[in-house]
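Visitor: here's a sequence, model it:
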Amino acid sequence: MKIGDKVRYLNAVGGGIVKSFKNKDIVWVEEEDGFETPALIRECVVIESGGKPVAAVSKPEPIKPEPVPEPPKPQPVEYEFTERAGGDRLNVYLAFLPLDIKLLGKSNYETFLVNDSNYFLFFNYMSRQNNAWVSRHSEIIEPNTRLFIEEFSKEQLNELERVCIQFVAFKKDKPFGLKNAYSVELHIDGVKFYKLHSFRENDFFDDDALIYPLVINDSAVREMLISASDLQEAMTQKTKADFPHRPSAPAKKENQAPVLEVDLHINQLLDSTKGLSNTDIINVQLDVFRKTMEENKTKKGQKIVFIHGKGEGVLRNAVLSELKSKYNNFPVQDASFREYGFGATMVTITNHPLFHQK
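Guide: Modelled structure (predicted):
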């Protein structure tokens, strides 16, 4: 480009004759109206030089960006579940956990299904309302895992007095042993939700939980073959003549003492453990144990359940050691799993010859 060239603007309408250069980037262009206008050199195209037209210069095509490939769609991932030894026998539990164990009277609760087996379970969780069943949750739970079912308030406890869990066990993409279809009905004791010792250490949660076993080693704890209301209705249609005469059951002994529960958890014995060492705490718990045994060792037939928790087993071992050394004339066994979980020992006061102290 030189003075006298005729130019047109590249990105605007118009053009004119180059009159002078202001600097290396700007040129003065005299337009048709006689006014000189500054313009960027790079924005001008020479269309006539020395009175001769030059080859037409077309406006350059804008550079199109390279098309960005679409990200690949996520593909479903098939997880390979690692089977554990002994997991081919079904063990299934229903668990309840308080959201705030320090406020049992006000706290909401969470419901979980625990599948302690190598099988998938397709299940339906129901509650009994107005002589009919209402489905509360249905889903597939994976092997060796736990699944959140629902959260409920203490006002909804009455809805859970009777619950039923039906499920079918299967494995994916591999052969497996056929299991029964299960239908297990439970009576949920609402009073337990207000007792701290109802929630115990367990193998499935970091927090204490109220655990109800549904199936243990392939055997249902209680299979529902016919509902209680249907059974009652069928029985009321019978007359007394339909049933053979049966002698009346012998009256229960009135002097049979109820089970005595003694919770040895330190928070049930002391308001505060500030300043106490682990040894001090164990001694307090053992003092309560010894006092209870001494007060009841002559009450034949009395059953005493000492609730010590599972933990590291220190308190349990100390209790068993005392029973073996000082009270070996009394039979000892683990307390009911359904009632106390894994952390309780039951002692029966007896004078049976097999248990006489040597």
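
Visitor: the helix or strand where Val262 lies pairs with which strands?
Guide: When secondary structure is defined by DSSP states H and E, Val262 falls within strand 260-263. According to DSSP bridges, the neighbouring strands of strand 260-263, each with its direction, are strand 303-307 (parallel).

Visitor: could you give me the average pLDDT of the strand it pairs with?
Guide: Per-region confidence: strand 303-307 scores 90 on mean pLDDT.

Visitor: how far is it from where the chain is centred?
Guide: 31 Å (C-alpha atoms, centre = their mean, to the nearest Å).

Visitor: give me the buried positions along the next helix or strand after that strand.
Guide: Towards the C-terminus, the helix or strand next in line after strand 303-307, according to DSSP H and E, is helix 314-326. Neighbour counts using 16 or more other C-beta atoms under 10 Å place Leu315, Arg316, Ala318, Val319, Leu323 of helix 314-326 among the buried residues. Every residue, glycine included, has its C-beta placed from N, CA and C.

Visitor: for the last one, what are its contacts?
Guide: Contacts for Leu323 (C-beta atoms under 8 Å, 6 or more residues apart in numbering) come out as Phe330, Val332, Thr345, Val347.

Visitor: ok, the fourth one next?
Guide: Contacts for Val319 were tallied using C-beta under 8 Å, 6+ apart; they are Leu264, Leu286, Phe289, Phe306, His308, Thr345.

Visitor: count of neighbours near the first one?
Guide: Other residues near Leu264 come to 25 when the count uses other C-beta atoms under 10 Å.

Visitor: that one against Val314, yeah?
Guide: No. Using C-beta atoms under 8 Å, Leu264 and Val314 do not qualify as a contacting pair, with a distance of 11.5 Å.

Visitor: pLDDT of the strand holding Val262, averaged?
Guide: For strand 260-263, the mean pLDDT works out to 89.

Visitor: need the contact partners of stretch 334-341.
Guide: With C-beta under 8 Å, 6+ apart as the contact definition, stretch 334-341 has outside contacts at 200-202, 211-213, 221, 305, 307, 310, 342, 344-346.

Visitor: cutoff 6 Å now
Guide: Contact partners of stretch 334-341, identified using C-beta atoms under 6 Å, 6 or more residues apart in numbering, comprise Arg200, Val305, Ala344, Met346.

Visitor: ok now that stretch, how far from the chain's centre?
Guide: On the basis of C-alpha atoms, centre = their mean, stretch 334-341 is displaced by 23 Å from the centre of the chain it belongs to.

Visitor: give me the low-pLDDT residue ranges for this structure?
Guide: Segments of the chain classed as low confidence (criterion: pLDDT under 70) are 55-64, 73-80, 222-257, 311-312, 338, 351-358.

Visitor: how about the contacts made by Tyr194?
Guide: Tyr194 makes contact with Leu104, according to C-beta under 6 Å, 6+ apart.

Visitor: how close does it sit to Arg200?
Guide: Look at Tyr194 and Arg200: by C-beta to C-beta, to the nearest Å, they are 15 Å apart.

Visitor: also Gly50?
Guide: For Gly50, the distance to Arg200 equals 103 Å [C-beta to C-beta].

Visitor: looking at the two, which is more packed in?
Guide: Neighbours were counted for Gly50 and for Arg200 using other C-beta under 10 Å; Arg200 has more, 19 against 8.

Visitor: so what's that one closest to, chain neighbours aside?
Guide: Using C-beta to C-beta, 6 or more residues apart in numbering and skipping the chain neighbours, the partner closest in space to Arg200 is Gly341 (3.8 Å).

Visitor: what is the burial count for the one you found?
Guide: By other C-beta under 10 Å, neighbour count at Gly341 equals 23.

Visitor: first vs last residue of stretch 179-193, how far apart are they?
Guide: Counting by C-alpha to C-alpha, to the nearest Å, you get 33 Å between the two ends of stretch 179-193.

Visitor: and the contacts of it?
Guide: Judged by C-beta under 6 Å, 6+ apart, the contacts made with stretch 179-193 from elsewhere in the structure are 157, 160-169, 198, 212, 214, 220, 224.
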